[in-house]
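A.B. asks: the sequence isn't on hand, but the structure is:
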């Protein structure tokens with residue numbers, strides 16, 4: 001099964017190149033059905049590569065698995081979301097981000113064995129946290145595109161790739177849909193994480209680095225939502241806040257796992 005993830009990565013890279021090429025050449029004939037069918041194949045191979053990590057006991061989970069699972073969920077959410085939203089133009093940025101996360105996961109060592117009790121609260125925490133990372137990864141990708149789209153409004157000559165992006169208002173609608181969903185999932189993850197940590201380690205364990213950065217990210221996303229409702233934040237300001245929250249989330253979990261798994265070699 002170890003060869004499935006590299007094959008999925010090659011497919012992601014090839015499809016990312018295809019999306020860029022077809023959007024950069026005016027006369028290229030786009031084949032969205034074939035493109036998305038191949039994305040589904042890549043997603044299936046990626047999922048099969050992840051499968052042993054979650055069915056083999058004891059469960060092992062660390063930075064590599066977190067990056068790979070986040071990439072897989074982000075691509076899954078995109079493939080489902082494109083049925084309801086006009087997402088044409090975001091594929092190069094999204095696939096590039098997914099390929100980068102998957103490539104990084106292949107370079108990292110396997111994670112540590114999960115030795116804590118598995119119950120409803122711990123599983124709810126795990127899945128809500130991973131879904132939050134995936135949804136907010138898409139939000140970060142959309143935020144980057146908003147910055148590009150904003151440049152399009154201020155420059156007469158823009159690249160064809162930028163010209164193919166959805167309208168700025170459509171990107172903002174998608175951004176806040178992801179932020180609202182991600183904020184709700186992150187809230188659940190923080191609440192269940194606090195309950196689970198108190199149950200396992202007692203009430204006086206204190207805040208870990210992961211918890212501190214996660215709470216900071218939650219505050220940033222909460223501030224973005226408040227600014228949207230209170231002052232109508234949009235455009236580059238909203239994009240910058242979304243990117244800031246995403247950076248804090250990466251520092252919180254992925255950064256912590258990199259230090260523990262790669263530098264300190266412990267779980």
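C.D. replies: The structure has been received and is ready for your questions. What you see is a predicted model, and the numbers here were worked out from it, not measured in a lab.

A.B. asks: what is the host helix or strand of residue 92 packed up against?
C.D. replies: Following DSSP states H and E, one finds residue 92 within helix 91-107. Where contact means 3 or more CB pairs under 8 Å, 6 or more residues apart in numbering; DSSP states H and E, helix 91-107 is packed against helix 4-24, helix 32-55, helix 63-81, helix 120-154. All C-beta spots, glycine's among them, are computed from the backbone N, C-alpha and C.

A.B. asks: dump the ones you listed to a markdown table, plus mean neighbour count, mean pLDDT and distance to residue 246.
C.D. replies: Listed next are the helices and strands packed on helix 91-107 as a markdown table, based on neighbours: other CB atoms under 10 Å; pLDDT from 0 to 100; distance: least, CB to CB, whole Å:
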| stretch | mean neighbour count | mean pLDDT | distance to residue 246 |
| --- | --- | --- | --- |
| helix 4-24 | 18 | 85 | 20 |
| helix 32-55 | 16 | 86 | 21 |
| helix 63-81 | 22 | 84 | 11 |
| helix 120-154 | 20 | 81 | 4 |
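
A.B. asks: a markdown table please, covering the ones you listed and showing distance to residue 169.
C.D. replies: Formatted as a markdown table, the entries for these read as follows, by distance: least, CB to CB, whole Å:
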| stretch | distance to residue 169 |
| --- | --- |
| helix 4-24 | 20 |
| helix 32-55 | 22 |
| helix 63-81 | 17 |
| helix 120-154 | 10 |
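
A.B. asks: look up how far residue 240 lies from residue 150.
C.D. replies: When CB to CB, to the nearest Å is applied, the distance between residue 150 and residue 240 equals 11 Å.

A.B. asks: to clarify, my last question referred to residue 227.
C.D. replies: Distance of residue 227 to residue 240, computed by CB to CB: 11 Å.

A.B. asks: so for residue 241, what's the nearest residue that isn't a sequence neighbour?
C.D. replies: residue 224 (4.1 Å; CB to CB, 6 or more residues apart in numbering).

A.B. asks: quick one: the one you found is in a helix?
C.D. replies: Yes. Secondary structure of residue 224, determined by DSSP: H, G, I helix; E, B strand; the rest coil: located in a helix.

A.B. asks: look up how far residue 79 lies from residue 249.
C.D. replies: As judged by CB to CB, residue 249 and residue 79 stand 22 Å apart.

A.B. asks: scratch that, residue 237
C.D. replies: When distances are taken as CB to CB, residue 237 and residue 79 turn out to be 30 Å apart.

A.B. asks: is residue 83 in a helix, a strand, or coil?
C.D. replies: In three-state terms, and counting by three-state DSSP, residue 83 is coil.

A.B. asks: and for the one 5 residues further on?
C.D. replies: Reduced to three states with three-state DSSP, the structure at residue 88 is coil.
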